[in-house]
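**Q** how does the following fold in three dimensions:
(chains A and B, ligands or ions: 1)
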Amino acid sequence: MNDLELAVELLRDTPTHENRTGEQLRSWAQTALEYGDELADTDMPVDIQVVEREGGVRKGELLLAEHQRGTVIVYTDALRRTEEVARERGWAVTRESLRRAAVAHEVAHHQLDVRELNRRLGHTARLGPFRLRGHVAGADEIAAHRFAHRRSGLAVSPLLLTAALAGRN
Amino acid sequence: MGIAILILMAVGVLLMLTRILPTAFALAGLALGIALISGAPLTGAKDSILTGVLQNGAVTLAATMIAVLLGSWLGTLLDQTGIGGTLVRKIVEFGGERPAVVALGVFAVSILCGSITGSAPAAMLAGVVGIPAMIAVGLRPVAAAGTVLMGISAGSPLELPVWQFMSDALGAPVSEVRTVMIRLFPIAFVVGIAYVLVQTRRGARHAWAVQLDRPKARVRRGDAPWYALATPLVPIVLALGFTVPIVPSLLAGVVYALVTTTRWGDLNERALRSLYKGFEVAAPPIALFVAIGMLLAAVKLPGAKTALTPIVAAISPSSPIFFVIVFAALVPLCLFRGPLNVFGLGAGVAGVLVTGGIYPMTAVVGLMASYNQVFGVSDPTSTQTVWAAQYAGVRPERSMLSTLPFTWVVGLGGMVLTAVLYL
Ligand SMILES: [Zn+2]
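**A** Modelled structure (predicted):
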């Protein structure tokens, strides 16, 4: 599967998109990937702190990295697990590139502008007579994955890795 | 004799805690044991084991059972017609750029769901789409689960089947229960909003996270029309605004949901299918209500009453201040299937407090409603907590730690309210 198809799958698995057409999801996924590319090409000063910690392998959730208020936490045990999964599939993923991708994913969340992304996606939320520019859940995640791929030099796409970790392919 | 009954109750709690016996069976066993210890005759028209406890006790909460069944029917319809899912989807579409707005919106939807049906079905109604949606916009999983639970609990003072339960169990008129409940609601509402704001205050959490083994098969249902989204308001508006009785209020909600979402040709089938599904959903609480009815009948037996009343009167604080302090300190006893669990042995305790004339009826209603606010959110063994926590991917005990400081405040508020108004 290529990134576009994987991104469509990601949207399909995100709540609120249960009834969208494949065509609609495809066009949103495309826009989000392009936004991720564009972000990766822009040089922005990164003012972010990185800490490493164990504890990302949890019941029901594998947490590779998270970020809140300018601090990125990278979970080393989750990265090890990811490396194992990648090796089983014969993907040449190094620990270092994985770590770079995890940090870059969070940097993307830090830098991307959800409003700008939603403006490009051009979705209109409707409720009876009400119309408003709508939010597309999951699109920021796609942009972050693409950004991380571009910035980290990871051998496989983070979208593909994520799908593999979730056991979806 | 009173001591023997208390020991028996302790054994019953132990059996429930260790899950050797399901709560309903343990309570029915307790009812039988209490009746035997208090020397009730086996047969006889009144106050006998066969007629008084088993026959009449089983149907004491009959009106509650019908209310719960109708609530479950309406809850099933909210799910099957897509009303519940549409509400959450619209919140994310309109407010997704701000996590706090999404969380407050799901909190509001959870209140509505909680006012229709209780426990796990309500949590699922709001949470199946709501919990992953909140995580997707940047809430921590434990906060996402907590938001749904706090919402359901804030809705429970407006839950008509709970009104009926308090009324049937304690013998209070519905109007009195309603008075207590609408005063309790603002406390639960404000504290619930505080919980959501505290949880979202630190801004969105963004992560590279992979959800493992989450049940993937979400049923795809179309959007319900916007005017159908008012369905959850119908029963409570009728019951509160127009003092319509509980059963017709809930029925009106069912009819509104059906006619706004379903084509004429499909009406019968959908109505019947959702009703039967509602029976399934209502089975656990109804089984519990049969047993609680028996327990209530047992503690009201003359022998049990004369044995228990002096003991309970001796340990029950009489001044309003001690009432608040003691019962607020006892809050943990309503968790883990403890003796103050309102939908368990706690109903029996409430029965003793009322029949023994220890507190005015309204005070007991207020006390039980206060415990219900804590139990409904924080108890890590209750089905809604277990479901919501696991669905969010966290342990129920973590969910309890996150919500308990807030629900304890709600419980305390309810007890202060009770002491000020009714003692
Ligand atoms: Zn992310």
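
**Q** mind telling me what element residue 102 is part of?
**A** No chain in the question, so chain A it is. helix A:95-111 (DSSP states H and E).

**Q** oops, I was thinking of chain B
**A** Counting by DSSP H and E, B:Val102 is part of helix B:99-116.

**Q** now do A:Arg131
**A** A:Arg131 belongs to strand A:130-133, assigned by DSSP H and E.

**Q** which residues are in contact with that strand?
**A** A:Asn118, A:Arg119, A:Gly122, A:His123, A:Thr124, A:Ala125, B:Phe94 (CB atoms under 8 Å, 6 or more residues apart in numbering or on different chains). C-beta here means a position set from N, CA and C on the backbone, and glycine is covered the same way.

**Q** what about 10 Å?
**A** For strand A:130-133, the surrounding residues in contact (CB atoms under 10 Å, 6 or more residues apart in numbering or on different chains) are A:115, A:118-119, A:121-126, B:90, B:93-95, B:97, B:226.

**Q** longest helix in chain B, by residue count?
**A** As assigned by DSSP state H, the longest helix anywhere in chain B is helix B:267-299.

**Q** can you show me the CA trace of the helix or strand just after that one as CSV?
**A** Moving toward the C-terminus from helix B:267-299, the next helix or strand (DSSP H and E) is helix B:302-315. Output in CSV follows, covering the C-alpha atoms of helix B:302-315 (Å, rounded to 0.1, in the frame of the first residue of the first chain):
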residue,chain,number,x,y,z
PRO,B,302,-40.8,-6.5,62.0
GLY,B,303,-38.1,-8.7,63.4
ALA,B,304,-35.4,-7.2,61.3
LYS,B,305,-36.6,-3.7,61.9
THR,B,306,-36.6,-4.0,65.7
ALA,B,307,-33.2,-5.6,65.6
LEU,B,308,-31.5,-3.2,63.2
THR,B,309,-33.1,0.1,64.1
PRO,B,310,-31.4,0.6,67.5
ILE,B,311,-28.0,-0.3,66.1
VAL,B,312,-28.3,1.9,63.0
ALA,B,313,-29.8,4.7,65.2
ALA,B,314,-26.8,4.5,67.6
ILE,B,315,-24.2,4.8,64.9
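
**Q** for the nearest residue to A:Thr71 once chain neighbours are set aside, give me phi and psi.
**A** Nearest residue to A:Thr71 in three dimensions, chain neighbours excluded: A:Gln49, at 4.8 Å (CB to CB, 6 or more residues apart in numbering or on different chains). Here is the backbone geometry of A:Gln49 (degrees, to the nearest 10): phi -100, psi 140.

**Q** quick check: A:Gln49 touching A:Val74?
**A** No: using CB atoms under 10 Å as the test, A:Gln49 is too far from A:Val74 to be in contact (11.1 Å).

**Q** overlap in contacts of these two?
**A** A:His67.

**Q** so for these two, which residue has more residues nearby?
**A** A:Val74 (24 against 10; other CB atoms under 10 Å in any protein chain shown).

**Q** wait, a helix at the more buried one?
**A** No: under DSSP: H, G, I helix; E, B strand; the rest coil, A:Val74 falls outside any helix and is assigned strand.

**Q** could I get the contacting residues of it?
**A** A:50-53, A:56, A:63-67, A:98-100, A:102-103, A:105-106, B:208.

**Q** any idea of the mean pLDDT in the helix holding B:Val102?
**A** For helix B:99-116, the mean pLDDT works out to 91.
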